[in-house]
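Asker: Using only what follows, build the 3D model:
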Amino acid sequence: MKFRLLLLLPLIGFLALALFLYQGLSLNPFQRDSALMAREFPAFELATLEDAERRVDESLLATGELTLVNVWGEWCPECKREMPQLLDLADRGIRLVGISYKDTREKGLGFLDEFGNPFEVNIFDPEGDLAFDLGVYGAPETFLVDADGVIRYHHTGYIAPDQVRDTILAEVEKWR
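Answerer: The predicted structure is shown next:
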């Protein structure tokens, strides 16, 4: 009897593991909450992409104005794909700040020349330290920061045109 039970233990373990892994297949990795939700934007001091001598810090986001902060990289195909949506948001009067993530200055500036620049300021984060503090998994990711510098919304991945209308603009109006 004990011998039969010992033979069943690996089977039971395998079935439990298979069930656990099967449940993971139904999860969407883009639907995750930011650990920073409802917290102040992390402290930082970095140069801007356009001017290596100009330093900016988190006070850039506590200006009394709502801001979309977009983490992007020249190497990121989805960032290129979402640039028309970001340009549209800027045309609608929404303040955008970019974080040039794990890029060289030259490649980042070339990207903006080619695809347009909707950003009021681009923070240069070549090592990804600020992105790490934000919990970024990869680019693009977008954070809605309220007028007091508090993160109110987090969007992971590409912003599709219908998401601008259905989600992003709704969140902007909610926190204005």
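Asker: How many neighbouring residues does Lys174 have?
Answerer: Counted with other CB atoms under 10 Å, the neighbours of Lys174 add up to 11. Bear in mind the C-beta positions are built from the backbone N, C-alpha and C, glycine included.
Asker: ranges for the helices of the protein?
Answerer: Here the chain has its helices, by DSSP state H, at 2-25, 77-91, 105-115, 129-134, 161-163, 169-175.
Asker: ok now the third one, how far from the chain's centre?
Answerer: Distance of helix 105-115 from its chain centroid, counting by CA atoms, centre = their mean, to the nearest Å, is 19 Å.
Asker: buried residues in that helix?
Answerer: Taking 16 or more other CB atoms under 10 Å as the neighbour-count basis, helix 105-115 is seen to contain the buried residues Arg105, Gly108, Leu109, Phe111, Leu112, Phe115.
Asker: for those, which one is nearest Arg55?
Answerer: Here the nearest of the buried residues of helix 105-115 to Arg55, counting by CB to CB, is Arg105; it sits at 14.6 Å.
Asker: Does the closest one touch Asp51 like I think?
Answerer: No - applying CB atoms under 8 Å as the test, Arg105 and Asp51 come out as separate, 9.9 Å apart.
Asker: Grab the nearest non-local neighbour of the residue nearest to the spatial centre of the chain.
Answerer: Taking CA atoms, centre = their mean as the criterion, Glu141 is the residue nearest the geometric centre of the chain, at 1.8 Å. The shortest distance from Glu141 to any residue other than its chain neighbours is 4.6 Å, reached at Val71 (CB to CB, 6 or more residues apart in numbering).
Asker: what residues are up against that neighbour?
Answerer: When the contact criterion is CB atoms under 8 Å, 6 or more residues apart in numbering, the partners of Val71 are Gly98, Ile99, Tyr101, Ala131, Leu134, Val136, Ala139, Pro140, Glu141, Thr142, Phe143.
Asker: let's go with 6 Å and repeat that
Answerer: Taking CB atoms under 6 Å, 6 or more residues apart in numbering as the contact definition, Val71 lies against Ile99, Tyr101, Ala131, Val136, Ala139, Glu141.
Asker: and those as JSON lines, adding distance to Gln85 and pLDDT?
Answerer: Putting the contacts of Val71 into JSON lines (distance: CB to CB, whole Å; pLDDT from 0 to 100) gives the following:
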{"residue": "Ile99", "distance to Gln85": "17", "pLDDT": "98"}
{"residue": "Tyr101", "distance to Gln85": "18", "pLDDT": "97"}
{"residue": "Ala131", "distance to Gln85": "20", "pLDDT": "96"}
{"residue": "Val136", "distance to Gln85": "19", "pLDDT": "94"}
{"residue": "Ala139", "distance to Gln85": "14", "pLDDT": "95"}
{"residue": "Glu141", "distance to Gln85": "14", "pLDDT": "97"}
